[in-house]
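Enquirer: fold the following for me, if possible:
(one chain, ligands or ions: 1)
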Amino acid sequence: MIDIGVNLTNKRFDKDREDVIRRAQMAELNGLLITGTNVEESQKALLLCQQYQTEFPKFLYSTAGVHPHDADHVSIDYLEQLKQLALHDQVKAIGECGLDFNRNFSAPAQQQKVFSEQVALAAELQMPLFLHQRDAFEPWFAILTPYLDKVPAMVAHCFTGSKAELTQCISADMYIGITGWLCDERRGQNLRDIVSTIPLNRLLIETDAPYLTPRTIRPKPKSSRNEPSYLPFIVKEIASITGLDQEQIAWQTSCNAERVFDFPSTKEML
Ligand SMILES: [Zn+2]
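Expert: All right, here's what the predicted structure looks like:
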């Protein structure tokens with residue numbers, strides 16, 4: 001299993017980051033993709049990959065990008081800084097980037113500008129996109145449309161949209177990231193209804209730790225903090241809803257992640 005969305009730079013991991021990584025390995029994960037949400041966080045994410053390279057070889061990778069919440073605060077040369085980060089072998093995608101009109105922490109026009117620039121950067125560098133979208137599907141999709149065949153892959157991370165939106169993403173050949181949102185019978189019901197329609201070769205799994213702790217973890221953890229070692233609970237939930245085998249989901253999503261993000265092959269590591 002590969003967790004394609006871990007906010008490992010989050011301060012909630014400051015005290016025991018190494019233990020968190022170790023527990024992920026014990027839970028049979030083969031890799032983590034650390035999410036970069038702005039230039040500084042993307043630098044920190046890369047630094048973690050470098051720092052733990054010897055202790056956890058070929059296990060940590062990162063993304064470089066600016067989250068829509070941070071769009072108002074980009075520096076003049078942020079694209080150049082992202083480009084520099086993307087030169088490193090451990091950086092596997094441009095993102096997290098996208099649009100979030102749910103709370104508009106950044107002005108919508110600025111979100112669209114910063115998002116468009118990063119999409120163009122991904123095309124220029126021929127790197128996959130790690131995408132965020134909330135309450136902005138149409139403008140988000142419109143920005144991506146001209147680039148559908150110009151970037152190697154697009155990943156709709158933490159998908160929580162409608163059936164129509166899912167259909168549109170899949171028709172566009174996007175990959176769909178499923179989080180612990182699926183394990184929430186109240187707000188996750190819509191996702192539970194449509195998860196079976198995601199083709200297995202387009203499915204990716206992610207914890208979005210420290211957020212979105214699966215509500216299905218037993219025994220219930222004392223802390224509300226999510227971590228990558230809980231990824232199997234998401235696989236389990238997908239299996240129980242779709243009727244697919246857990247092993248098959250774990251295997252296929254790992255193959256997908258390896259292909260999209262150019263991770264070392266699981267086969268080689270077995
Ligand atoms: Zn997100």
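Enquirer: residues contacting the residue nearest to residue 66 when sequence neighbours are not counted?
Expert: Leaving aside its chain neighbours, residue 66 sits nearest to residue 38 (5.1 Å; criterion: CB to CB, 6 or more residues apart in numbering). Bear in mind the C-beta positions are built from the backbone N, C-alpha and C, glycine included. Counting by CB atoms under 8 Å, 6 or more residues apart in numbering, residue 38 touches 66, 67, 70, 73, 74.
Enquirer: list of residues touching stretch 241-250?
Expert: Outside stretch 241-250, the residues that reach it (CB under 8 Å, 6+ apart) are 1, 28, 182, 192, 195-196, 200, 203, 205, 232, 235-236, 238-239.
Enquirer: what about the closest residue to the ion within the stretch 101-250 of the chain, is that helix, strand or coil?
Expert: Using CB to the ion, residue 132 is the residue of the stretch 101-250 of the chain that sits closest to the ion, at 3.7 Å. Assigned state for residue 132: strand (three-state reduction, DSSP: H, G, I helix; E, B strand; the rest coil).
Enquirer: for this protein, which residues are neighbours of the ion?
Expert: Counting by CB under 5 Å from the ion, the chain comes close to the ion at 132, 158.
Enquirer: quick one: secondary structure of the nearest residue to the residue of the stretch 101-250 of the chain closest to the ion once chain neighbours are set aside?
Expert: Closest residue to residue 132 apart from its sequence neighbours, by CB to CB, 6+ apart: residue 98 at 3.6 Å. For residue 98, the assignment made with three-state DSSP gives strand.
Enquirer: what ranges does the stretch 151-270 of the chain have for its strands?
Expert: 154-156, 175-178, 203-205 (DSSP state E, counting those that start in this stretch).
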